[in-house]
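Asks: Return a 3D structure for these sequence lines:
(one chain, ligands or ions: 1)
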Amino acid sequence: MSPDNAPLVIVGAGHAGGRAALTLREEGYCGRLVLIGDELHPPYERPPLSKGLLQGTVELAGCSLCDSARLTELGIEYLAGNPVKSLDPAQHRLQLADGRWLDYGRLLLATGGRARRLPHVPEHWANVLYLRTHDEALALRAVLRPGTRLVVVGGGFIGLEVAATARALGCSVTLLEAGSRLAGRVLPQRLSDALLALHRSHGVDVRLNVAIETVQGSLQAEAVQLVDGQVLPCDLVVVGIGMLPNTELAAAAGLEVGQGIRVDAQLRTSAPDVFAAGDVCEFRLQPEGGFQRQETWRNAETQGRHAALNLLGGELPFEVIPGFWSDQYDWSLQTVGVIFTTEPAASRIFPDGGFLLFYLDSEQRLLGACGWGPGNSVARDIKLCERLIAHPGPLSACALADASVALKQLLRS
Ligand code: FAD
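Replies: Below is the predicted model:
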């Protein structure tokens, strides 16, 4: 067992880990607090990596949760570039890459994930890039030049956002998606169609239902060959085919791991005094529901905060109305609650081409909504939908579909 005065330790200095550390201090915890990261930067948010930071309108400081000076001021011991190599829950201790052992009183695992690699591509090919970290975003930014022939592999959010940014920077972009529609794993058909139309209107050569035979090249990628025999010459390949949660540390220590590190309602793992949060965390949103992981800003933010409260001895069950957004060109997609890939119960169409889709349960209560529109035009409605989800009551599908009925009015009734 660890000594009584052993520190609170957070492994993973990304969004969830960084938010947890800051929350612990905000909540008045003044004991020893150690934050361990394998990147060199202070904790930062990742959404700008595929948007402003890639385009050059935002720098690291604009994504950081706090800078090094603030960590020092708060007395947060930040061990950067020193990943945890092993965990010994029975002894309440862990070992760092530099060989040092560290005791902990309570521990938070917020190790996030890494980009899934494209098989059979040599790791040393410098023009096949992935996007998960700030440094990877800078490496990509350096080579997105007017006229660069870019092939994006993957029609999920990262691939689509990279494609949009690359077009804004003057690259010629071909986007390859294995499925029959864009972001089809998470979005309804109507949104996939809207994304497809938007990207095509901006000159992206989107190919659906395609499979890659091989990436040709000797010292670097020179062309992508498709299974149907087509060869797409390229200067650069960006791969956005999902992420793999960093569960290995937990699994090797004997913690229960499914698709992520499994936690109970309080975000406690199967090991005593060890919690998990963020992309790596597999949790149940409802006690009777199945386990799920969420790879979103909102999840990292809320679980990071929540885990901090429970590290301090709280017994609060984690509850959140999920949601995410994606910005592409000058359009934005926002979701709240539980959305499905199937047809919605009601849709509200706006004159600017934007729309809201609503998902209802069997008692006509709002389960989730997604909005699509120019700029931030759907943000207000999505916030109102969040309130409708939080205060459930039966809703009329006709009223939801009628753009002349203010959502605020439905909230009041
Ligand atoms: P991370 O932020 O990945 O942090 C985990 C940290 O732990 C990393 O620094 C990792 O290196 C470190 N680590 C791993 N193993 C160890 C170890 N053994 N020892 C020490 N440290 C370790 N979400 C949205 O809702 N909207 C968006 O528009 C959006 N855009 C995104 C764009 C990009 C390019 C990316 C990559 C993600 C985006 N997301 C978006 C998702 C969101 O950013 C993530 O869900 C969030 O960053 C997850 O936070 P996390 O703390 O769980 O993981």
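
Asks: Now do the residue in the stretch 201-350 of the chain positioned nearest to the ligand, the pLDDT please.
Replies: Residue nearest to the ligand within the stretch 201-350 of the chain: Gly278 (2.2 Å; C-beta to the nearest ligand atom). Every C-beta, even on glycine, is put in place using the N, C-alpha and C of the backbone. Note for Gly278: predicted pLDDT of 98.

Asks: which residues touch Asn299?
Replies: Ala16, Gly278, Asp279, Val320, Pro322 (C-beta atoms under 8 Å, 6 or more residues apart in numbering).

Asks: part of a strand, is it?
Replies: No: assessed with DSSP: H, G, I helix; E, B strand; the rest coil, Asn299 is helix; it does not lie in a strand.

Asks: Check what pLDDT Pro3 gets.
Replies: Pro3 carries a pLDDT value of 59.

Asks: Run a quick neighbour tally on Ala115.
Replies: 19 (other C-beta atoms under 10 Å).

Asks: Now for it: which residues touch it?
Replies: Counting by C-beta under 8 Å, 6+ apart, Ala115 makes contact with Tyr130, Leu131, Arg132, Glu136, Val239, Gly240, Ile241, Gly242, Met243, Leu244.

Asks: same question, Asp352
Replies: Going by C-beta under 8 Å, 6+ apart, Asp352 touches Gly373, Pro374, Ser377.

Asks: which of these lies closest to the ligand?
Replies: Of all the contacts of Asp352, Gly373 has the smallest distance to the ligand: 15.6 Å, by C-beta to the nearest ligand atom.

Asks: Next, find the distance separating that closest one from Leu410.
Replies: Distance check for Gly373 against Leu410: by C-beta to C-beta, to the nearest Å, it reads 19 Å.

Asks: In terms of packing, which of those two has more residues around it?
Replies: Taking neighbours as other C-beta under 10 Å, Gly373 and Leu410 compare with Gly373 leading, 21 against 18.

Asks: Leaving out chain neighbours, which residue sits closest to the more buried one?
Replies: Here the nearest residue to Gly373 in space, its sequence neighbours aside, is Gly354; by C-beta to C-beta, 6 or more residues apart in numbering that works out to 2.8 Å.

Asks: Can you report how many residues neighbour the one you found?
Replies: By other C-beta under 10 Å, 20 other residues sit near Gly354.

Asks: Please indicate which of the contacts of Asn299 are buried?
Replies: By the neighbour-count criterion of 16 or more other C-beta atoms under 10 Å, the contacts of Asn299 include these buried positions: Ala16, Gly278, Asp279, Pro322.

Asks: Quickly name whichever of those is closest to Leu191.
Replies: Nearest to Leu191 among these, counting by C-beta to C-beta, is Pro322 at 16.2 Å.

Asks: Check the protein for its longest strand and report it.
Replies: Longest strand in the chain, counting residues (DSSP state E): strand 366-374.

Asks: centre of the chain versus stretch 149-162, how much separation?
Replies: How far stretch 149-162 lies from its chain's middle: 15 Å, per C-alpha atoms, centre = their mean, to the nearest Å.

Asks: buried residues in it?
Replies: 150-162.

Asks: The ligand contacts on this protein?
Replies: Contact residues (C-beta under 6 Å from any ligand atom) of the chain with the ligand: 11-17, 36-39, 46-47, 49-50, 83-84, 110-113, 131-132, 158, 246, 249, 278-280, 295-298, 300, 324-326.

Asks: And the buried ones among those, selectable in PyMOL?
Replies: In PyMOL, this line selects whichever of these come out buried by 16+ other C-beta under 10 Å:
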select buried, resi 11+12+13+14+15+16+17+36+37+38+39+46+47+49+50+83+84+110+111+112+113+131+132+158+246+249+278+279+280+295+296+298+300+324+325+326
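
Asks: Residue of the stretch 1-150 of the chain closest to the ligand, please.
Replies: Residue of the stretch 1-150 of the chain nearest the ligand, by C-beta to the nearest ligand atom: Gly14 (1.7 Å).

Asks: Does that residue touch His41 like I think?
Replies: No: Gly14 lies out of contact with His41 (C-beta atoms under 8 Å); the separation is 9.8 Å.

Asks: which residues touch the closest residue in space to Leu309 that isn't next to it in sequence?
Replies: With C-beta to C-beta, 6+ apart as the criterion, Leu309 has its nearest non-adjacent residue at 5.7 Å, and that residue is Leu316. Shown in contact with Leu316 (C-beta under 8 Å, 6+ apart): Gln266, His306, Leu309, Asn310.

Asks: cool, Arg141 as well?
Replies: With contact taken as C-beta under 8 Å, 6+ apart, Arg141 is in contact with Leu53, Leu54, Gln55, Gly56.

Asks: Arg380: neighbour count?
Replies: If you count neighbours by other C-beta under 10 Å, Arg380 ends up with 12.

Asks: With Ser201 instead?
Replies: Per other C-beta under 10 Å, the neighbour tally for Ser201 reads 9.

Asks: How about Ala126?
Replies: Ala126: 11 surrounding residues under other C-beta under 10 Å.

Asks: got it, and Ala252?
Replies: Neighbour tally, Ala252, other C-beta under 10 Å: 12.

Asks: hmm, back to that, would you agree the residue nearest to Gly373 is in contact with Cys370?
Replies: No: using C-beta under 8 Å, Gly354 is not in contact with Cys370; the gap is 11.0 Å.

Asks: got the contact list for Val257?
Replies: Residues near Val257 by C-beta under 8 Å, 6+ apart: Thr247, Ala250, Ala251, Glu282.

Asks: The third one falls within a helix, correct?
Replies: So the one you mean is Ala251. Yes: assignment of Ala251 by three-state DSSP places it within a helix.

Asks: ok, for it, nearest residue in space, not its chain neighbours?
Replies: Closest residue to Ala251 apart from its sequence neighbours, by C-beta to C-beta, 6+ apart: Val257 at 4.6 Å.
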